[in-house]
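Student: sequence-free structure coming up:
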């Protein structure tokens, strides 16, 4: 939708971090404790199938891949599913993008989309008490306004 190559990058990163796969499942963990327990017990990594309409991704499957990539960073960092934990995960995801895709011509867009997807939605939630009803329109508006460009670009100077 916003950038086909971003969806492919997200699918590639999900596959890299989940060589045994992942699946959308209603019983996906919704907090760090449950995430750790589900990984300890093995099986397929589960992500939430909810709210996959009107996202920045081209398909629900691409959205599931983004969740798999995002959620595994909660595990790696031992980061809670709260604002501070989300910020830690966002930073790790952006650093990974720079490390793996430094020479990709769309790296800046990838960083912006990741920043909007995580940080932008957190800030929207904190202000409105809910996530953007249409994440796609929210992301498009943020890109047009350059609302998160400086934060995204900061990863190129670190």
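Tutor: Thanks, I have it. Model, not experiment: these values are computed from the prediction. Residues are numbered from 1 along each chain as shown.

Student: Now do the strands in the chain.
Tutor: Under the criterion DSSP state E, the chain contains strands at 22-24, 45-47.

Student: and those strands, which is most packed in?
Tutor: Most buried of these by mean neighbour count (mean count of other Cβ atoms under 10 Å) is strand 45-47; its value is a mean of 23. Where C-beta positions appear, they are placed from N, C-alpha and C, glycine not excepted.

Student: avg pLDDT for it?
Tutor: Mean per-residue pLDDT for strand 45-47: 96.

Student: so how far is that strand off the chain centroid?
Tutor: Distance, stretch centre to chain centre, for strand 45-47: 14 Å (Cα atoms, centre = their mean, to the nearest Å).

Student: just for this protein, where's the confidence low?
Tutor: Within the chain, the stretches with pLDDT under 70 are 1-3, 158.

Student: how much space between the residue in it sticking out farthest from the centre and residue 29?
Tutor: In terms of distance from the mean C-alpha position of the chain, residue 41 ranks first, at 24.0 Å (Cα atoms, centre = their mean). Distance, residue 41 to residue 29, by Cβ to Cβ, to the nearest Å: 11 Å.

Student: End to end on stretch 45-65, go ahead and measure it.
Tutor: End-to-end distance of stretch 45-65 (Cα to Cα, to the nearest Å): 11 Å.

Student: Look up how far residue 30 lies from the residue farthest from the centre of the chain.
Tutor: Counting by Cβ to Cβ, the gap from residue 41 to residue 30 is 16 Å.

Student: Burial check on residue 155, number of neighbours?
Tutor: As a burial measure, residue 155 scores 20 neighbours (other Cβ atoms under 10 Å).
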